[in-house]
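Chemist: prediction below, plus the sequence it came from.
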Amino acid sequence: MYKLGIPRSLFYYYYGHFWQDFFNALKIDYLISPITNKKIMENGMKIAGSEMCLSLKNYLGHIDYLKDKCEYILVPRISNFKNDNQTCTNFWAAKDIVNNLFENKILNYNVDIQKHQTLKKGLFKIGKVLKKTPLEIKKAYHYAVIKEKKRLKKNHQINQNKLKLPKTKILIVSHPYNLYDELIGKDIIKYLKKRKIELIYSDKFDPKITNKLSKKISKDLYFKYSKDNLGAIIYCQNKIDGIIFISSFPCAPDSLANELAMRKIKIPYLNLVIDDSTSFTGLETRLESFLDMLGGKLND
Amino acid sequence: MTKISFPQMGDYHIPATYLLSHIFPNDKIINAPKITNKTIELGTKYSPEFVCTPFKYTLGTMIECLEKGADTLIQMGGGCRYGYYAELQEKILKDLGYNCKIINLVTKGQTNIRRINKLFKQINHKYSKIKTIYYSFITLKMVKYMDIIDDYIRQNIGFEQKEGSFEKLKEEMLNEFKYIKGYRNLYKTYKKYLKKFYNLKTYKPDKRLKIGIIGELYTIMEPFSNYYLEKSLAKHHIEIKRFTNVHYLLFEKAKEYKKYQKYAKEYFKYPLGADASDNIARCKFLCENDYDGIIHIKSSFCTPEIGAMPIINKIANTYQKPVLFFSFDSATSKTGIETRLEAFYDMLEMRKEK
């Protein structure tokens, strides 16, 4: 029996490495659910309501996998980051949905900067529940924060270096929990990599830069992660050959923000919406024709 | 001269027209046409694929308004993605070739006087602030009175003796509300009609069915988008309880939230966005009181309500009360809804007889 379970979905792709550093420093044995497989996805669909978005169904599947294996499950609630930076309402509701659908003990912290609930406060609360002293928590927190900053810088640098390469470059605009998930977006990345195309991920830029840049596409947008994505489009507008939008089926912020971006940009783009019944063959044809449309300047 | 228009919702276009025509006496207010199937077709055609249905309805109405000659549109926003409609709708309309301006009074479920002042100046630079305050006060009172009377109607319309008497009287009242002069006049008219409504003959049996309607705010308040659900319930002689109205959204929501959170703390701890957390508490309220069934309605793809649905289901299971979930889309068929409603009604009857 592990002390703590971390579902490898939704929040994991934003905070996963940070949590690992933090709990490693606190010396807590945790279990991260495996890479999404068919069984996890099917379980998630059984538990979830039929209208929930694919990513949330996936998340519930991961929690279902962890429920008998750990004492606590980590389910944060992330609501907003000040100055018009909200998240999707599913992120607000995740904790309460999990709490009602499963009988496990939940380890929860709330990030709601408008109401002065910060990540630091939340992690101290969690540390207390796990019976650690404030000094230990403080050390672990600082260790994790410093590592996170380094990682962010490195990712940003990698992306910038990629932009300078003289190859066909495609920007992928998507939420990381869709993009890097084995059953949702991984196939698309694999296919594009096989065709030797340089991929630039919108979520790997420094959000401090991209968040402000998004104002050039949309003035009123208040979804943080969509803002970061749109900012990334502006950031590398002149250096890329095409854009691929990937979103999971009824994604609320994407349905509006991506539509606006598509109407405003002047670069060739492809919009892929992934459903639980989407087959990769269909996607492959669309990707192929998109690559053909980009012209004969492919790398091989 | 600007020609102002706005997408409508239920009967609330009457107070809104009243307010705007008094603030901007020199400008023309164009009333949006009633929502029809054509409106939805227009809206669906130009909307993104999986946006929630209110977007399609409002976009459809906007196009119809613009074709009638409007050039300034007023839009409000809620706490979910409703708050972001305006910008995308403006872009879509511009791409279609209409020259218009959209004024968004509320974003993210919040607004303030300074913002409204700035936006009103864009419509007409010489609008009177004192008049605005005075007429806003009257309008808000009008909304409140309308909501009180609507509540009374909802409880009694199923048991009217003479068919159509309630609706006829309501229409009469709304007609008079259009030409109100001053607050005292409004109050007197309201009292007069309240008396008239109380005097309408009804027959309420003791063993009547009571149903609570909860759900997403636009669908619940715009009768066309829920296929006149309340009307068809009234035909079955059912007493209806509905919580959401404009007065609630404007004044009571912030106050009431804390109460709701305390009341249903075992089911939710944080706000779930828009009206979702309120609906969970209301569901518990309906279960604990002597209501026979709950109907939850929403437009399809409404994310906060989708999050609340499993929780509502759980509450209903623990209290052993039936819940009916409706998800309305532009492609929903009316017969399908009626069949489900009839089955639900029969089930309630059978439960009641036991």
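Modeler: Cool, got the structure.
Chemist: partners of residue B:5 in the sheet?
Modeler: On DSSP bridges, the residues paired with residue B:5 through beta bridges are residue B:73.
Chemist: need phi/psi at residue 102.
Modeler: In the absence of a named chain, chain A is used. Backbone geometry at residue A:102, expressed as degrees, to the nearest 10, gives phi -120, psi 160.
Chemist: actually chain B
Modeler: phi -110, psi 130.
Chemist: list the contacts for it?
Modeler: B:72, B:73, B:74, B:75, B:86, B:87, B:89, B:90, B:93 (CB atoms under 8 Å, 6 or more residues apart in numbering or on different chains). For the C-beta atoms, the positions are set from N, CA and C on the backbone; glycine is no exception.
Chemist: so residue B:201 is in contact with residue B:159, correct?
Modeler: No - because the distance of 9.4 Å does not satisfy CB atoms under 8 Å, residue B:201 is recorded as not touching residue B:159.
Chemist: the two: which is more packed in?
Modeler: More neighbours sit around residue B:159 than around the other of residue B:201 and residue B:159, counting by other CB atoms under 10 Å in any protein chain shown; the figures are 17 against 9.
Chemist: what's opposite the nearest residue to that one once chain neighbours are set aside in the beta bridge?
Modeler: Among residues not flanking residue B:159 along the chain, residue B:202 sits closest, at 4.5 Å (CB to CB, 6 or more residues apart in numbering or on different chains). With beta bridges defined as DSSP bridges, residue B:202 has these partners: residue B:160.
Chemist: relative to chain A, how far out is residue B:202?
Modeler: 39 Å (CB to the nearest CB, to the nearest Å).
Chemist: and that residue, what does it touch?
Modeler: The neighbourhood of residue B:202, defined by CB under 8 Å, 6+ apart, consists of B:156, B:159, B:160, B:161.
Chemist: per-residue pLDDT of it, please?
Modeler: Residue B:202 is assigned 84 on the pLDDT scale.
Chemist: and for residue A:200?
Modeler: Confidence for residue A:200, expressed as pLDDT, is 90.
Chemist: which strand or helix spans the nearest residue to it once chain neighbours are set aside?
Modeler: Counting by CB to CB, 6+ apart, residue A:200 lies nearest to residue A:171, which is 4.9 Å off, once chain neighbours are set aside. With the criterion set as DSSP states H and E, the secondary-structure element containing residue A:171 is strand A:169-174.
Chemist: name the surrounding residues that touch that strand.
Modeler: Everything outside strand A:169-174 that qualifies as a contact, by CB under 8 Å, 6+ apart, is A:162-163, A:179, A:185, A:189, A:192, A:197-203, A:229-230, A:232-233, A:236, A:239-247, A:258, A:261.
Chemist: quick check: neighbours of it in the sheet, parallel or antiparallel?
Modeler: strand A:198-201 (parallel), strand A:242-248 (parallel).
Chemist: quick one: list the elements packing against the following helix or strand past the last one.
Modeler: For strand A:242-248, the succeeding helix or strand toward the C-terminus, using DSSP H and E, is helix A:252-264. Contacts of helix A:252-264 with other secondary structure elements, assessed using 3 or more CB pairs under 8 Å, 6 or more residues apart in numbering or on different chains; DSSP states H and E, are made with helix A:224-235, strand A:242-248, strand A:269-274, helix B:85-95.
Chemist: not counting residues beside it along the chain, what's closest to the residue minimising distance to the centre of chain A?
Modeler: The geometric centre of chain A, computed from its C-alpha atoms, lies nearest to residue A:176 (CA atoms, centre = their mean), at 3.0 Å. Closest residue in space to residue A:176, ignoring its immediate chain neighbours: residue A:13 at 3.9 Å, by CB to CB, 6+ apart.
Chemist: check residue A:89 too.
Modeler: Distance criterion CB to CB, 6+ apart; nearest residue to residue A:89, sequence neighbours excluded, is residue B:273 at 3.4 Å.
Chemist: okay but the one you found is in contact with residue A:96, surely?
Modeler: No - using CB under 8 Å, residue B:273 and residue A:96 do not qualify as a contacting pair, with a distance of 10.8 Å.
Chemist: which residues do these two both contact?
Modeler: The contact lists of residue B:273 and residue A:96 share residue B:307, where a contact means CB under 8 Å, 6+ apart.
Chemist: got the buried residues for stretch A:215-224?
Modeler: A:217, A:218, A:220, A:221, A:222, A:223, A:224 (16 or more other CB atoms under 10 Å in any protein chain shown).
Chemist: which of those sits closest to chain B?
Modeler: Nearest to chain B, judged by CB to the nearest CB, of the buried residues of stretch A:215-224 is residue A:220 at 4.6 Å.
Chemist: measure the residue most central in space within chain B to residue B:242 for me?
Modeler: By CA atoms, centre = their mean, chain B has its centre lying nearest to residue B:221, at 2.2 Å. In this structure, residue B:221 and residue B:242 are 9 Å apart, going by CB to CB, to the nearest Å.
Chemist: state the number of residues packed around residue B:231.
Modeler: Residue neighbour count, defined by other CB under 10 Å, stands at 12 for residue B:231.
Chemist: isn't it right up against residue B:224?
Modeler: No - counting by CB under 8 Å, residue B:224 is not a contact partner of residue B:231; they are 11.0 Å apart.
Chemist: so which residues on the stretch 151-300 of chain A come close to chain B?
Modeler: Applying CB under 8 Å from any CB of the partner chain, we find that the stretch 151-300 of chain A lies next to chain B at A:218-223, A:249-253, A:255-260, A:263-264, A:273.
Chemist: can you point out the buried residues in stretch B:224-238?
Modeler: The neighbour-count criterion (16+ other CB under 10 Å) identifies B:224, B:225, B:226, B:227, B:229, B:230, B:232, B:233, B:234, B:236, B:237, B:238 as the buried residues of stretch B:224-238.
Chemist: and the residue in the stretch 1-150 of chain B that chain A sits nearest to, backbone torsions?
Modeler: Evaluated by CB to the nearest CB, the stretch 1-150 of chain B has residue B:48 as its residue closest to chain A, separated by 4.1 Å. Backbone dihedrals for residue B:48, given as degrees, to the nearest 10, come out at phi -60, psi 160.
Chemist: contacts only, for it.
Modeler: Taking CB under 8 Å, 6+ apart as the contact definition, residue B:48 lies against A:255, A:256, A:258, A:259, B:55, B:88.
Chemist: give me phi/psi at residue B:298?
Modeler: The phi and psi torsions at residue B:298 (degrees, to the nearest 10) take the values phi -160, psi 160.
Chemist: which residues does it bridge with?
Modeler: Under DSSP bridges, the beta-bridge partners of residue B:298 are residue B:327.
Chemist: same thing with residue A:86?
Modeler: Once the bridges are assigned, which here means DSSP bridges, residue A:86 pairs with residue A:80, residue A:223.
Chemist: circling back to that earlier point, report the contact partners of the nearest residue to the residue nearest to the centre of chain B once chain neighbours are set aside.
Modeler: Beyond its immediate neighbours in the sequence, the residue positioned closest to residue B:221 (CB to CB, 6+ apart) is residue B:10, lying 4.8 Å away. Taking CB under 8 Å, 6+ apart as the definition of contact, the neighbours of residue B:10 are B:221, B:222, B:223.
Chemist: what's the spacing between the first one and chain A?
Modeler: Residue B:221 sits at a distance of 20 Å from chain A (criterion: CB to the nearest CB).
Chemist: go ahead and confirm that residue touches residue B:246.
Modeler: Yes - at 7.4 Å, residue B:221 counts as touching residue B:246 under the criterion of CB under 8 Å.
Chemist: so which of the buried residues of stretch B:224-238 belong to helices?
Modeler: Using DSSP state H, B:229, B:230, B:232, B:233, B:234 are the members of the buried residues of stretch B:224-238 that sit in helices.
Chemist: neighbouring contacts of stretch B:343-354?
Modeler: Outside stretch B:343-354, the residues that touch it by CB under 8 Å, 6+ apart are B:207, B:209, B:211, B:236, B:238, B:292, B:293, B:295, B:322, B:324.
Chemist: give the buried residues for that stretch.
Modeler: Buried residues in stretch B:343-354, counted by 16+ other CB under 10 Å: B:344, B:345, B:348.
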